[in-house]
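Engineer: what's the 3D shape of this:
(2 chains)
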Amino acid sequence: MKIKEYIESGVLEAFVLGAASEAEERELMQFKNQYPEVDKTLAELEADMERVAQYMAVPPPPDMFARIENSIDDLVVTPDTEIMRPIDREWRQNNQPESKSRYIEVEAESNYMRIHKTWKWVFAAVFVLGKIFLGCAIYFYLESRQARQQVNELKTEINTIRSR
Amino acid sequence: MDHGYKNNDFLTPGYPTDLKNLYAQYADKLLGYILPIVNNRELAEDCVVRIFKNISASKKTLPAKGHINTWTWFMALANNEVERQGEAANECKSVVDNTTYIQSHKYLTRMDETQRLVFCGVYYHRKTTAALAHELNLSEQELRLRLKEAFMIIRQVKDEN
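Structural biologist: Modelled structure (predicted):
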């Protein structure tokens, strides 16, 4: 089989996605070392996969790295523990028997907080109400200023009439 | 069977800096990759945590065969992790049937139904070409060609952007 036909056959795409059979993988590894164009095409396909992944990326929650660090710490202290969620961590802290541990516990607090999505409507309502109140305040301020001016004008008029 | 490569050399000693860099670069991609497979946000997050924990625990020796770049290594690790979830992974709903999801991804809307079934079957559901060809009543050769066409569409979308 010519190498161009091999590249066009779709085996490389299947390999990149982990769908190739073991025999196909072995053959491909051999061709990869033998033919630079196979190597180059594979690199391009993997770059495409990364592009797809970037396109579909979902931002992780802010406390996720802290969870990873926690689970790594657990690997050192107690290798069999499950990955702990923040609530588990609190429970453990509150219920931990006092022991003479050789390790010092360091708790790194995240600077972020997670809130329920429904709060965005509350924040939006507060924002809109704030704008309405600000508008009202400006309106009534201008109204009262105008009224004061009118009162002053009337006073001046009355004084003028009286002086006649 | 574990997917992936052997003796990767992305991680140099000096955790947590290196792990944090890897996390900054790949955590969002991993979560975006695993989420449609397990269809459960909490489970997907746990998978990502476990993957990074395993990377840290095993230093440079996580199994992953034939690998070329870091992202495909991560994909292989993600596939291994999802397979280990057993029943949980069975919650996976077919991405192909999820019209909202397809409409939200430009390259999937450009594919025809067969290309989408082939790409999603392999990318999300990690089926082998033999199994998927049997399922879709296609020859393996034909299936690989549909997969290649799907990649060409991805490249077209990439070039347009």
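Engineer: Have a look at chain A and report its longest helix.
Structural biologist: When every helix of chain A is counted residue by residue (DSSP state H), the longest turns out to be helix A:119-163.
Engineer: hey, which helix or strand in the chain has the poorest pLDDT?
Structural biologist: Assuming you mean chain A. Least confident helix or strand, chain A: helix A:86-95 with a mean of 48, by mean pLDDT, DSSP states H and E.
Engineer: my bad, the chain I had in mind was chain B
Structural biologist: Using mean pLDDT, DSSP H and E, the lowest element in chain B is helix B:99-103, with a mean of 69.
Engineer: Show me what secondary structure element comes after it.
Structural biologist: Note on helix B:99-103: by DSSP states H and E, the next helix or strand toward the C-terminus is helix B:106-110.
Engineer: Now that next one: buried residues?
Structural biologist: B:107-108, B:110 (16 or more other C-beta atoms under 10 Å in any protein chain shown). Glycine gets a C-beta too; all of them are placed from N, C-alpha and C.
Engineer: so how far is A:Met49 from B:Tyr107?
Structural biologist: B:Tyr107 sits 12 Å away from A:Met49, going by C-beta to C-beta, to the nearest Å.
Engineer: And B:Leu108, by the same measure?
Structural biologist: 15 Å.
Engineer: and what of A:Phe140?
Structural biologist: 62 Å.
Engineer: The residue nearest to the spatial centre of chain A and B:Glu113, how far apart?
Structural biologist: Nearest residue to the geometric centre of chain A (C-alpha atoms, centre = their mean): A:Pro59, 4.1 Å. Distance, A:Pro59 to B:Glu113, using C-beta to C-beta: 31 Å.
Engineer: Go back to the buried residues of helix B:106-110 and keep what's next to chain A.
Structural biologist: For chain A, the contacts drawn from these by C-beta under 8 Å from any C-beta of the partner chain are B:Tyr107.
Engineer: Going by distance to chain A, which of the buried residues of helix B:106-110 wins?
Structural biologist: B:Tyr107 (7.1 Å; C-beta to the nearest C-beta).
Engineer: Give me the nearest residue to the residue in chain A positioned nearest to chain B, chain neighbours excluded.
Structural biologist: Residue nearest to chain B within chain A: A:Gly10 (2.8 Å; C-beta to the nearest C-beta). Excluding the flanking residues, the one nearest A:Gly10 by C-beta to C-beta, 6 or more residues apart in numbering or on different chains is B:Arg144, at 2.8 Å.
Engineer: Likewise for B:Gln156?
Structural biologist: B:Arg110 (7.3 Å).
Engineer: Show the contacting residues for the one you found.
Structural biologist: By C-beta atoms under 8 Å, 6 or more residues apart in numbering or on different chains, the contact list for B:Arg110 reads B:153, B:156-157.
Engineer: is it fair to say A:Ile72 lies in a helix?
Structural biologist: Yes - read with DSSP: H, G, I helix; E, B strand; the rest coil, A:Ile72 is one of the residues of a helix.
Engineer: any idea how far B:Arg144 is from it?
Structural biologist: From A:Ile72 to B:Arg144 the distance is 40 Å (C-beta to C-beta).
Engineer: just B:Pro36 next, same as before
Structural biologist: 23 Å.
Engineer: touching chain B at all, the strand or helix carrying A:Ala23?
Structural biologist: A:Ala23 is part of helix A:22-34 when elements are defined by DSSP H and E. Yes - residues of helix A:22-34 contacting chain B under C-beta under 8 Å from any C-beta: A:25, A:28-29.
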